[in-house]
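Student: Sequence unavailable; structure follows:
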């Protein structure tokens, strides 16, 4: 009976995509006499395909049935109260680290607010919304399965996950419109910082620029960002740069000099030193390794 607890609270490190995991649970039946109370260690998104599921999150009982979606915030106190029928559900879990990293892209940065929302969100989807979201779940699931077998992360991962986050954002905007999230000033500062970072990370690599844009000191910005995301401002800037650099390196038509110029480094050699310092691989070695794995797949 502790399946849900174990899946939501699994260590999301040794997976094809670090900080992320997905499951399709085809048969989940309640066993009597067992208690399943737990604190959610990761953010979880459940989509019900069949059956009925009663879940208490904090002090609110959520009754879930076919086509219901529930977003369970990280650190929520949860208790599985009742399972009726053969429960078939989709489950995706995200770590905080994954959420920050994948919401840095301009088209997704405003999705970060549903990752730091403190209250759970339930939505009863219409047939079309359910069909689209369940299809994306299955797409990600099978891409993930192939990656576990083949041992390499493909471009499909990035596309499918971005698609999922985008679709989730649309659903969130529709169903959470009547319950305005009560974000703290610090959380608002972090969301503003991530928005500015997603626009300017190629050109501006220093903390001072982002603090200045927000009219606060670098020390205060770093303290607030670290408190909300668990990472320093400098580390998030580095991760944004490295993430984009990897995407560019995976395109064999772009030279290292062009990538260095695109990322606003003074030269290809300075870019190479930076990249190797933060990945343990030179840009050339990363590119070679990526294409060797691609051919092996």
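Tutor: Happy to help now that I have it. Since we're looking at a predicted model, the values are computed, not measured.
Student: low-confidence ranges in the stretch 101-250 of the chain?
Tutor: 147-155, 177-182 (pLDDT under 70).
Student: switch to 80 and redo it
Tutor: For the stretch 101-250 of the chain, the stretches with pLDDT under 80 are 101-118, 144-158, 176-183.
Student: ranges for the strands of it?
Tutor: With strands called from DSSP state E, counting those that start in this stretch, the stretch 101-250 of the chain shows them at 121-124.
Student: ok, now how distant is residue 11 from residue 118?
Tutor: From residue 11 over to residue 118 the distance is 23 Å, taken as CB to CB, to the nearest Å. Quick note: C-beta positions are derived from backbone N, CA and C, even for glycine.
Student: Between those two, tell me which one has more neighbours.
Tutor: A count of neighbours by other CB atoms under 10 Å puts residue 118 above the other of residue 11 and residue 118, at 14 against 10.
Student: Identify all contacting residues around stretch 226-243.
Tutor: With CB atoms under 8 Å, 6 or more residues apart in numbering as the test, stretch 226-243 has contacts from 96-97, 100-101, 104, 116, 186-187, 190, 193-194, 197-198, 201-202, 205-207, 210-211, 218, 221-222, 225, 263, 274-275, 278-279.
Student: Counting neighbours, which bits of that stretch end up buried?
Tutor: 228, 229, 231, 233, 235, 236, 237, 238, 239, 240, 241, 242 (16 or more other CB atoms under 10 Å).
Student: Any chance of TSV for these, columns distance to residue 39?
Tutor: Converted to TSV, the buried residues of stretch 226-243 look like this (distance: CB to CB, whole Å):
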residue	distance to residue 39
228	19
229	20
231	22
233	28
235	26
236	26
237	31
238	31
239	27
240	30
241	34
242	32
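Student: From those, which land in helices?
Tutor: Among the buried residues of stretch 226-243, the ones falling in helices (DSSP state H) are 228, 229, 233, 235, 236, 237, 238, 239, 240, 241, 242.
Student: Distance to residue 111 for the residues you listed - can I get that in TSV?
Tutor: Formatted as TSV, these follow (distance: CB to CB, whole Å):
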residue	distance to residue 111
228	15
229	14
233	20
235	20
236	16
237	19
238	21
239	17
240	15
241	20
242	21
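Student: Show me which of those residues is closest to residue 90.
Tutor: Relative to residue 90, the closest of these is residue 229; by CB to CB it sits at 26.6 Å.
Student: which residues of the stretch 151-297 of the chain fall in helices?
Tutor: For the stretch 151-297 of the chain, applying DSSP state H, counting those that start in this stretch gives helices covering 155-175, 185-200, 207-213, 218-229, 233-249, 256-262, 268-279, 283-296.
Student: Also the stretch 1-150 of the chain?
Tutor: For the stretch 1-150 of the chain, applying DSSP H, counting those that start in this stretch gives helices covering 3-8, 96-102, 112-116, 127-150.
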